[in-house]
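Undergrad: Provided below are the primary sequence and the corresponding predicted coordinates.
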Amino acid sequence: MKNQNNHFHKMFSPEQLAKIDATEPGGPIPGLIPYGLTFLTGPKFSGKSFLMLQAGCALGSAGQFLGLALRPGRVLYYALEDTPGDLRERTARQGMKPDTRIDYCLALRPLHLGGLEELDLFALRGEYDLIVIDSFRRALMGLDLRKEAVLFENILFLLRKVAVQNRLAIAAIQPTFARRPAVDAIVPELARAADCMLEIQEGPVRMNSTLSVRLKGMEEVKLAIWFDTETFTWQLME
């Protein structure tokens, strides 16, 4: 169990506090998905789910992801917008190995109605390195963000706390809508709470895009990527 020494669940002196490394470098996918809270944004149908599923499968099989060789990890993937058939087709096209260490859940209670507690229980087990929520808007069903801004801010705080205190990564997908500014208005709130913001920026040529990476406290990095329609995977442009 990787979270036996949980700083958030014990008392400590100033001397002990000084010895704690609060930066927690690295993460399950260094440079892209650190420990803590990550959001992946982008227009609808831009390939966000394919990218995150690809990342999860690569981590669960100690494979390659966008040029990175990953150490073995275990993933919990909340596929809130998919059916078992969708997942079977996507993972088969991506070449997922049968022994890949990834578990799928097709349902999650809204975060403000018990979903956070469910995530916390999974995190406390110490079995997972990455928990994916696909998508974040589905995990907020029934919450009026315009009227309950304080509750939304608290959800973001607690979601990040679950990740940080258990030294794991939580990555959530949030689509953006050019014609629905009320929905896109939450993106700045996500950025303030997140340890990393990823964004798929569509290019002028179909299937060619840019992946913007903004780690907290670091300059933005942009990766040129293209979508392989044969394997349903994203690749770095050479």
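TA: Perfect, I can see it now. A quick note: this is a predicted structure, and the numbers were derived from the prediction, not measured.

Undergrad: any weak-confidence spans in the chain?
TA: Across the chain, residues meeting the criterion (pLDDT under 70) sit at 1-25, 177-185, 204-206.

Undergrad: redo that, cut-off 80
TA: Judged against pLDDT under 80, the low-scoring parts of the chain cover residues 1-25, 145-146, 177-186, 203-207, 238.

Undergrad: do you know how far the residue minimising distance to the centre of it is from Gly142?
TA: When the chain is reduced to its mean C-alpha position, the nearest residue by C-alpha atoms, centre = their mean turns out to be Ala171, at 1.2 Å. For Ala171, the distance to Gly142 equals 23 Å [C-beta to C-beta, to the nearest Å]. Every residue, glycine included, has its C-beta placed from N, CA and C.

Undergrad: looks to me like the residue nearest to the centre of the chain is in a helix.
TA: No - the assignment for Ala171 by DSSP: H, G, I helix; E, B strand; the rest coil gives strand, which leaves it out of any helix.

Undergrad: what's the local residue count around the closest residue to it other than its chain neighbours?
TA: The shortest distance from Ala171 to any residue other than its chain neighbours is 4.3 Å, reached at Thr38 (C-beta to C-beta, 6 or more residues apart in numbering). A count of neighbours around Thr38, defined by other C-beta atoms under 10 Å, yields 29.

Undergrad: and Thr38, what are its bridge partners?
TA: The bridge-partner assignment for Thr38, based on DSSP bridges, gives Ala171, Cys196.

Undergrad: what's near enough to touch it?
TA: Contacts here follow C-beta atoms under 8 Å, 6 or more residues apart in numbering; on that basis Thr38 touches 169-172, 194-198.

Undergrad: tell me if I'm right that the residue nearest to the centre of the chain and Leu130 touch.
TA: Yes - checked against C-beta atoms under 8 Å, the pair Ala171 and Leu130 is within contact range at 6.5 Å.

Undergrad: quick check: neighbours shared by these two?
TA: Counting by C-beta under 8 Å, 6+ apart, the contacts common to Ala171 and Leu130 are 33, 55.

Undergrad: check contacts around Arg160.
TA: 36-37, 170, 193-195 are the contacts of Arg160 under C-beta under 8 Å, 6+ apart.

Undergrad: also Phe45?
TA: Phe45 makes contact with no residue under the criterion C-beta under 8 Å, 6+ apart.

Undergrad: what distance do you get for it to Leu190?
TA: Taking C-beta to C-beta, one finds Phe45 at 20 Å from Leu190.

Undergrad: could you do Arg214 as well?
TA: Arg214 sits 11 Å away from Leu190, going by C-beta to C-beta.

Undergrad: anything in contact with each of the two?
TA: Between them, Arg214 and Leu190 have Met197 as joint contacts when contacts are counted by C-beta under 8 Å, 6+ apart.

Undergrad: export the lengthiest helix in the chain to PDB, keeping only CA atoms.
TA: The helix spanning the most residues in the chain, taking DSSP state H as the definition, is helix 149-165. The C-alpha coordinates for helix 149-165 follow below in PDB (Å, rounded to 0.1, in the frame of the first residue of the first chain):
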ATOM      1  CA  ALA A 149     -20.100  28.700  -6.900                       C
ATOM      2  CA  VAL A 150     -18.900  28.300  -3.300                       C
ATOM      3  CA  LEU A 151     -19.800  24.600  -3.300                       C
ATOM      4  CA  PHE A 152     -18.100  24.100  -6.700                       C
ATOM      5  CA  GLU A 153     -14.900  25.800  -5.300                       C
ATOM      6  CA  ASN A 154     -15.000  23.500  -2.300                       C
ATOM      7  CA  ILE A 155     -15.400  20.400  -4.600                       C
ATOM      8  CA  LEU A 156     -12.200  21.400  -6.500                       C
ATOM      9  CA  PHE A 157     -10.400  21.900  -3.200                       C
ATOM     10  CA  LEU A 158     -11.400  18.500  -1.800                       C
ATOM     11  CA  LEU A 159     -10.800  16.700  -5.100                       C
ATOM     12  CA  ARG A 160      -7.200  18.000  -5.200                       C
ATOM     13  CA  LYS A 161      -6.800  17.200  -1.500                       C
ATOM     14  CA  VAL A 162      -7.800  13.500  -2.100                       C
ATOM     15  CA  ALA A 163      -5.100  13.300  -4.700                       C
ATOM     16  CA  VAL A 164      -2.400  15.100  -2.800                       C
ATOM     17  CA  GLN A 165      -2.900  13.400   0.500                       C
END
